[in-house]
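Visitor: What follows is a protein structure lacking sequence information:
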């Protein structure tokens, strides 16, 4: 019985430790990480005409672009502002953001 309780306690801690990653809110992150400043509150009306509209973007593509900007693999004139922000965004947050953006119409 004690082993069962111990295993349940360990599993409970393990499950709750992973919950924050599962519970990331892409919409909230879009606000918190200041994405709205350049891409618009709805991800459809960017600040500048040459900034991309992100609403409806393919999730895998958006995720890879953000990771490439963060790592420096994508480094052109358009990425300078993003590079300054992406170091504050974890890979889990990038995934949540990209999934959120893909669901916008």
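Guide: Noted; the coordinates are in hand. Predicted, not measured: the structure shown is a model, and the values here were computed from it.
Visitor: any idea which helix or strand carries the residue nearest the centre of the chain?
Guide: The chain has residue 94 as the residue nearest its centroid, 2.5 Å off, counting by Cα atoms, centre = their mean. Element membership of residue 94, judged by DSSP states H and E, is helix 91-103.
Visitor: again, but for residue 68
Guide: helix 59-71.
Visitor: which residues in this structure form helices?
Guide: Shown for the chain, the helices assigned by DSSP state H span residues 2-22, 26-32, 35-39, 59-71, 80-86, 91-103.
Visitor: for the last one, packing partners?
Guide: When contacts are defined as 3 or more Cβ pairs under 8 Å, 6 or more residues apart in numbering; DSSP states H and E, helix 91-103 sits against helix 26-32, helix 59-71. All C-beta spots, glycine's among them, are computed from the backbone N, C-alpha and C.
Visitor: Tell me which of those sits nearest to residue 45.
Guide: Closest of these to residue 45 is helix 26-32, at 13.4 Å (criterion: Cβ to Cβ).
Visitor: Show the secondary-structure elements that that closest one is packed against.
Guide: Helices and strands touching helix 26-32, by 3+ Cβ pairs under 8 Å, 6+ apart, are helix 91-103.
Visitor: How far off centre is the helix holding residue 68?
Guide: When distances are taken as Cα atoms, centre = their mean, to the nearest Å, helix 59-71 is centred 9 Å away from the chain's centroid.
Visitor: buried sites along it?
Guide: Using 16 or more other Cβ atoms under 10 Å as the test for burial, helix 59-71 gives 59, 62-63, 65-67, 69-70.
Visitor: Need those in TSV (columns: pLDDT).
Guide: TSV is the format used below for the buried residues of helix 59-71 (pLDDT from 0 to 100):
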residue	pLDDT
59	98
62	97
63	98
65	96
66	97
67	97
69	96
70	96
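Visitor: Low-confidence ranges, this protein, go.
Guide: Applying pLDDT under 70 to the chain flags residues 1-23.
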